[in-house]
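Trainee: Kindly return the folded structure for what I paste below:
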Amino acid sequence: MSGNDEDIRQAVLENYAEVAKRGGGGCAPATSCCGGGASTITTQIGYSKEEVASVPEGADMGLGCGNPQAIAALKPGETVLDLGSGGGFDCFLAARQVGETGRVIGVDMTPEMIRKARANAQKGGFTNVEFRLGEIEHLPVADQSVDVILSNCVINLSPDKPGVFRDAFRVLKPAGRLAVTDIVATATLPDEIRNDLTLRAGCVGGAATIDEMEAMLQAAGFRQIRIAPKDESREVMREWAPGRRVEDYVVSATIEAVKPAA
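Mentor: Residues are numbered from 1 along each chain as shown. Predicted coordinates:
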């Protein structure tokens, strides 16, 4: 990891430790204010009020940029892995879909988030969910042990996105699925955005283009790749960094891919 990469990782770690301490507030940098509570942000990006109400209080921290559950097609009995699991929101929704015979693993690199998620799991009585401290580039998960990988607005934070996709490919079973919502760049990011550590930690400055994402997924071995940008998300992006015109450069997108069966 280069010095610059380490600076990015540290900025992300500090930002989300602060978010965990204050209980959420959106993907924007911890120093800014998105307006509205976590549940308002979450319904804006594609979750229903019923989904928000079904998880333990404090699990929904307003940290997403879409709803990966909507594209995951989870089935009872499946093993699901959530990259960057935060307070556990997507894990708890997934746990209800895979049922008692299924299993959900959340991985997050922020100790404060892991503690919060574990407390939420205990509070909600979720016995088929566990949370592990680790980096999404080096997952603490066995080879070919997962049916579906979810992630919500986290991969953009990594300075080593090819490494994220390679390790995701490693832990997926043959025919395993990737169901991600994340930020993608629709135009070249200006240096003042890409080099701003606050915006890197706030889900904007590290966005890759759609072509770059597709190339990284293919290089990792994924097939049936579908990346669908959502232009209507620009309104939410604007709130993340008021006055910076980030909405001219980034949008939320759904990202789907499959590990070949053989």
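Trainee: Thought Val251 was touching Ala228, still the case?
Mentor: No - using C-beta atoms under 8 Å, Ala228 is not in contact with Val251; the gap is 10.1 Å. In short, each C-beta sits where N, CA and C put it, glycine included.
Trainee: okay, the two: which has more neighbours?
Mentor: Higher neighbour count among Ala228 and Val251: Val251, with 20 against 14, using other C-beta atoms under 10 Å.
Trainee: mind checking the backbone torsions on the more buried one?
Mentor: phi -140, psi 170 (degrees, to the nearest 10).
Trainee: How about the contacts made by Glu78?
Mentor: Val98, Gly102, Asp147, Val148 (C-beta atoms under 8 Å, 6 or more residues apart in numbering).
Trainee: Quick check: nearest residue in space to it, chain neighbours excluded?
Mentor: Asp147 (4.1 Å; C-beta to C-beta, 6 or more residues apart in numbering).
Trainee: Could you do Asp167 as well?
Mentor: Closest to Asp167 by C-beta to C-beta, 6+ apart is Leu139, at 5.0 Å.
Trainee: Show the contacting residues for the one you found.
Mentor: Contacts of Leu139 (C-beta under 8 Å, 6+ apart): Leu81, Leu83, Val107, Asp167, Ala168, Arg170, Val171.
Trainee: picking up where we left off before, neighbour-wise, give me the winner out of the contacts of Glu78.
Mentor: Of the contacts of Glu78, with other C-beta under 10 Å as the count, Val148 tops at 25 neighbours.
Trainee: And the residue nearest to Asp167, how far from Arg223?
Mentor: 21 Å (C-beta to C-beta, to the nearest Å).
Trainee: ok so Val184 is a strand residue?
Mentor: Yes - if the criterion is DSSP: H, G, I helix; E, B strand; the rest coil, then Val184 is within a strand.
Trainee: Quick check: it touching Met216?
Mentor: No - if you go by C-beta under 8 Å, Val184 and Met216 don't touch, sitting 11.6 Å apart.
Trainee: Mutual contacts of those two, please.
Mentor: With C-beta under 8 Å, 6+ apart as the test, Val184 and Met216 both reach Ala208.
Trainee: Between those two, which has more neighbouring residues?
Mentor: Val184 (24 against 19).
Trainee: per-residue confidence at the residue nearest to that one when sequence neighbours are not counted?
Mentor: Sequence neighbours aside, Ala253 is the residue nearest to Val184 in space, at 4.6 Å (criterion: C-beta to C-beta, 6+ apart). Ala253 is assigned a pLDDT of 93 by the prediction.
Trainee: Buried residues, the biggest helix by length in the chain. List them.
Mentor: If each helix of the chain is counted by residues according to DSSP state H, the longest one is helix 3-22. By 16 or more other C-beta atoms under 10 Å, the buried positions in helix 3-22 come out as Ile8, Arg9, Ala11, Val12, Leu13, Asn15, Tyr16, Glu18, Val19, Ala20.
Trainee: and the last one, what is it in contact with?
Mentor: When you say that, I think you mean Ala20. Counting by C-beta under 8 Å, 6+ apart, the residues that Ala20 touches are Met61, Gly86, Gly87, Thr110, Glu112, Met113, Arg115, Lys116.
Trainee: which of the residues you listed are buried?
Mentor: Met61, Gly86, Gly87, Thr110, Glu112, Met113, Lys116.
Trainee: CA atoms only for the helix or strand containing Gly106, dumped as CSV, please.
Mentor: Per DSSP states H and E, Gly106 falls inside strand 103-108. Provided in CSV are the C-alpha atoms of strand 103-108 (Å, rounded to 0.1, in the frame of the first residue of the first chain):
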residue,chain,number,x,y,z
ARG,A,103,-26.3,-17.2,7.1
VAL,A,104,-25.1,-13.6,6.9
ILE,A,105,-21.6,-12.3,7.4
GLY,A,106,-20.8,-8.6,7.7
VAL,A,107,-17.2,-7.4,7.3
ASP,A,108,-16.1,-3.9,8.3
